[in-house]
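Novice: here is a sequence together with a model predicted from it:
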Amino acid sequence: MYDIEKVNWNIGEVALILKVATSKIRHWEKEFPWTTPFKSKRGGKGKPRKYDKQEVLELANIHYLVEECGLSLRGIRLAHEGRYMEDLLNFFNEKNARIK
């Protein structure tokens, strides 16, 4: 299981939590700058990413909206820019609750 008290996760751990490929997470980082993690200054080109709890939650929300709700990345970006992300998540959560 995953240690919820952990402060930072690497990209492999986040990929396991979300059950997606690390390449998908990297793609989401490019599409959604607010999910970009801290990168260590040590090492060269392949600096290790360290995601905090908020970044992991943001990625989980993106995963939910894309995979479960069928939203496009553009739709998520527009919702976030308009500050409607929380409303969007609530809408889909309520919709899914009614279906079950």
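Specialist: All right, it came through fine.
Novice: give me every residue that touches Trp9.
Specialist: Each residue near Trp9 by C-beta atoms under 8 Å, 6 or more residues apart in numbering is listed here: 17, 50-51, 56. C-beta: built from backbone N, CA, C; applies to glycine.
Novice: can you tell me how far it is from Trp34?
Specialist: As defined by C-beta to C-beta, to the nearest Å, Trp9 lies at a distance of 17 Å from Trp34.
Novice: on that earlier part again, ok, which pair from the contacts of Trp9 is furthest apart?
Specialist: With C-beta to C-beta as the measure, no two of the contacts of Trp9 lie farther apart than Ile17 and Lys50, at 14.3 Å.
Novice: and the next helix or strand past the helix or strand where Asn61 lies?
Specialist: Here Asn61 is covered by helix 53-63, with elements defined by DSSP states H and E. Using DSSP H and E, the helix or strand that follows helix 53-63 in sequence is helix 73-81.
Novice: residues in contact with that following helix?
Specialist: Judged by C-beta under 8 Å, 6+ apart, the contacts made with helix 73-81 from elsewhere in the structure are 28, 31-32, 34, 62, 65-66, 85, 87-88.
Novice: same deal with stretch 58-72?
Specialist: With contact meaning C-beta under 8 Å, 6+ apart, stretch 58-72 is reached by 14, 17-18, 20, 25, 28, 32, 34-35, 51, 73, 75-76, 85, 88-89, 92, 96.
Novice: burial measure for Ser23, as a count.
Specialist: The criterion is other C-beta atoms under 10 Å. On that basis, Ser23 has 10 neighbouring residues.
Novice: contacts only, for the residue lying closest to Val14 once chain neighbours are set aside.
Specialist: Nearest residue to Val14, sequence neighbours excluded (C-beta to C-beta, 6 or more residues apart in numbering): Tyr51, at 5.4 Å. Taking C-beta under 8 Å, 6+ apart as the contact definition, Tyr51 lies against 8-11, 14, 37-38, 59.
Novice: check which helix or strand Glu94 maps to.
Specialist: Glu94 is part of helix 85-99, with elements assigned from DSSP H and E.
Novice: thank you, goodbye.
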